[in-house]
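> Here's a sequence, model it:
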Amino acid sequence: MVGLYVRLKLHETPVFANAMARQERVKIPLVELCSQYWAPMLLGAGSMVVCYALFYISTVFSLSYGVSTLGYTRETFLALLCFAVLFMAAATPLSALASDRYGRKPVLIVGGVLAVLSGFLMEPLLTQGSTWGVALFLCIELFLMGVTFAPMGALLPELFPTHVRYTGGSAAYNLGGIVGASAAPFFAQKLVAMGGLSYVGGYVSGAAVLSLIAVLCLKETRDNDLNRVA
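Reported below is the predicted structural model:
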């Protein structure tokens, strides 16, 4: 209900309203997006991968592993996740504020580097037999998910001009979700069978490296003239 209320109260930005008034709307924005703005679309998608990898490894995979291998009841592990998600809730507004103050890229670079390092914590924290170790790992991963996710709401639309902004932002977001989310639990199960949790931690670190490369290839968008108007 809160989300519906907020959405109903939202107004179009002045820059979009002006574009509509000048009849600058593109009939098939996806065609123009793929032909002229494919690079920022793919880089934006790449920058999203770490967010989803962190989330789905720490929720879907970890829940399955915690119940089937570590011996936790489903209710106990879900309680740990409910506690850990509070850290994601705290990190999200803090990261958003930091990205507005310091820029999208610095926040994402710091979050990406920390996410790379977090992959090395997976095996020691989950296999030491301590509930506090498991909780700490979940809190770290979901906190970093919030750190890397929050700036995306601004970064992805800012990568594209007004007439393809909605299409570009949503395409990058969903492509990143497909790569980062849908594959993560599947590959994690395969990797843990091949080499244990260290392999899964390597997957998390690898996803973070991919997103770091994508972010480094993007230009800072916080101070774009177009965004000041919007």
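> Convert the helix or strand containing residue 140 to CSV, retaining C-alpha atoms only.
Secondary structure assigned from DSSP states H and E places residue 140 in helix 131-149. Output of helix 131-149 as CSV, limited to C-alpha atoms (Å, rounded to 0.1, in the frame of the first residue of the first chain):
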residue,chain,number,x,y,z
THR,A,131,25.7,-19.8,14.5
TRP,A,132,27.3,-16.4,15.0
GLY,A,133,29.7,-17.1,12.1
VAL,A,134,26.8,-18.0,9.8
ALA,A,135,24.9,-14.9,10.9
LEU,A,136,28.0,-12.7,10.4
PHE,A,137,28.4,-14.0,6.8
LEU,A,138,24.8,-13.4,6.0
CYS,A,139,24.9,-9.9,7.5
ILE,A,140,28.1,-9.0,5.5
GLU,A,141,26.7,-10.3,2.2
LEU,A,142,23.3,-8.6,2.5
PHE,A,143,24.9,-5.3,3.8
LEU,A,144,27.1,-5.3,0.6
MET,A,145,24.1,-6.1,-1.5
GLY,A,146,22.5,-2.9,-0.2
VAL,A,147,25.7,-1.0,-0.8
THR,A,148,26.0,-2.1,-4.4
PHE,A,149,22.2,-2.0,-5.2
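> tell me what the next helix or strand after that helix is packed against?
Remark: after helix 131-149, the chain's next helix or strand is helix 152-158, criterion DSSP H and E. If you count contacts as 3 or more CB pairs under 8 Å, 6 or more residues apart in numbering; DSSP states H and E, helix 152-158 packs onto helix 38-56, helix 74-102, helix 104-118, helix 162-177. C-beta: built from backbone N, CA, C; applies to glycine.
> Out of those helices, which gets the lowest mean score?
Per-stretch mean pLDDT for the helices and strands packed on helix 152-158 is lowest at helix 162-177 (a mean of 86).
> Can you give me every residue that contacts the closest residue to residue 158 other than its chain neighbours?
Using CB to CB, 6 or more residues apart in numbering and skipping residues adjacent in sequence, the residue nearest residue 158 is residue 221, 3.6 Å away. Counting by CB atoms under 8 Å, 6 or more residues apart in numbering, residue 221 touches 104, 154, 155, 158, 159, 227.
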